[in-house]
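1. Sequence and predicted structure are below.
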Amino acid sequence: MLVVGNWKMYKTPSETVEFCSALAERLDGIEDVDIAICPPYTSLADAVRTLAGTEIAVAAQNVHWAEEGAYTGEVSAAMLRELGVYGAIVGHSERRQYFGESDETVARRAVAARAAGLEVIACVGESQEERESGQTELVLKLQVEAVKDALPDGDVVLAYEPVWAIGTGKTATSELAQEAHAFIKSLYDVPVLYGGSVKPENAAELMGMPGIDGALVGGASLEVESFAAIVEAAYGL
Ligand code: PEP
């Protein structure tokens, strides 16, 4: 099981240090669950430093495809590696929705990240409109195949995040999530995390489904207690 916290644009460096110290203490002794947090770029160095010597890894929320260059506002995989960051999310729906991210740019980011030795968590998921118009499988197929074509060796983790469930409190039922995960795995047999309003109350049921290999947690990863409770729900599954 892998539990990843995506902080989005929350927490300053000092808030990060406070959170990471408390989380490390709270999760001391937890085994058999891989844990990562994804703070904003400005907090990555502090997170890496504060979590050094713990089992909790630090990943970025995005990464650029070029090694370096005239890409104002972007950060390369080598820059992240030098900080001690272990991986990066690519293709989060908020990036696709607000920043013009496409299947093509997601694939390019994923390839560059792997080439530099970062682990990749690539997000896929349908919008409410796409689900209602019966396009879920088509959308997932296009998104998953873009990642598979870019990284055919299976060296990637996918996250199924139905857009209608992100930050809305509307979690997919475990059956609906399982169905989507099974479909994704039929296209590309790699670990698939579920994301979309995962909370301590629904985490065990979701992660207990056979096709669900962990969770990508947004809102509930911002409080030590709720994130720790989700990690504990994954323990022993
Ligand atoms: C996310 O940001 O990846 C996410 C799933 O958010 P939330 O848990 O808040 O729905």
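-> In hand now; what should we look at?
2. Give me the pLDDT for the residue of the chain found nearest the ligand.
-> Across the chain, the shortest distance to the ligand (CB to the nearest ligand atom) belongs to residue 218, at 2.0 Å. Placement of C-beta: from N, CA and C, glycine included. Residue 218 carries a pLDDT value of 97.
3. Can you name the residues that contact it?
-> 5, 6, 8, 166, 167, 195, 197 (CB atoms under 8 Å, 6 or more residues apart in numbering).
4. how does it look with 6 Å?
-> 6, 167 (CB atoms under 6 Å, 6 or more residues apart in numbering).
5. Which parts of the protein are strands?
-> 2-6, 34-38, 56-60, 87-90, 119-124, 157-160, 192-195, 214-217 (DSSP state E).
6. which residues touch the longest one?
-> In this case it means strand 119-124. Contacts for strand 119-124 (CB under 6 Å, 6+ apart): 86-87, 89-92, 110, 113-114, 140, 143-144, 147, 156-159, 161.
7. Near the ligand, which residues of the protein are found?
-> Taking CB under 6 Å from any ligand atom as the contact definition, the chain meets the ligand at 6, 8, 161, 166-167, 195-198, 216-220.
8. Going by neighbour count, which of those residues are buried?
-> 6, 8, 161, 166, 195-198, 216-220 (16 or more other CB atoms under 10 Å).
9. one step back: and the contacts of strand 119-124, which are buried?
-> Buried among the contacts of strand 119-124 (16+ other CB under 10 Å): 87, 89-92, 110, 113-114, 140, 143-144, 147, 156-159, 161.
10. which parts of the helix or strand bottoming out on mean pLDDT in the chain are buried?
-> Within the chain, no helix or strand scores below helix 128-132, which has a mean of 94 by mean pLDDT, DSSP states H and E. Buried residues in helix 128-132, defined by neighbour count with 16+ other CB under 10 Å: 130, 131.
11. Quick check: which ranges of the chain have low pLDDT?
-> 237 (pLDDT under 70).
12. phi, psi of the residue lying farthest from the centre of the chain?
-> Taking CA atoms, centre = their mean, the residue of the chain most remote from its mean C-alpha position is residue 70, at 27.1 Å. Note on residue 70: its backbone torsions stand at phi -80, psi 80 [degrees, to the nearest 10].
13. out of the residues of the chain next to the ligand, who's nearest residue 236?
-> Distance to residue 236 across the residues of the chain next to the ligand (CB to CB) is lowest for residue 198, with 17.3 Å.
14. isn't that closest one right up against residue 214?
-> No: the pair residue 198 / residue 214 is not scored as a contact, 9.8 Å apart, by CB atoms under 6 Å.
15. mind listing what residue 195 touches?
-> By CB under 6 Å, 6+ apart, the neighbours of residue 195 are 159, 161, 216.
16. Could you save those as TSV and add columns showing distance to residue 187?
-> Below are the contacts of residue 195 laid out as TSV (distance: CB to CB, whole Å):
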residue	distance to residue 187
159	15
161	16
216	19
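17. Convert the C-alpha atoms of the least confident helix or strand of the chain to PDB, please.
-> Output of helix 128-132 as PDB, limited to C-alpha atoms (Å, rounded to 0.1, in the frame of the first residue of the first chain):
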ATOM      1  CA  GLN A 128     -18.600  14.700 -14.100                       C
ATOM      2  CA  GLU A 129     -19.700  15.600 -17.600                       C
ATOM      3  CA  GLU A 130     -17.700  12.800 -19.200                       C
ATOM      4  CA  ARG A 131     -19.100  10.200 -16.700                       C
ATOM      5  CA  GLU A 132     -22.600  11.400 -17.300                       C
END
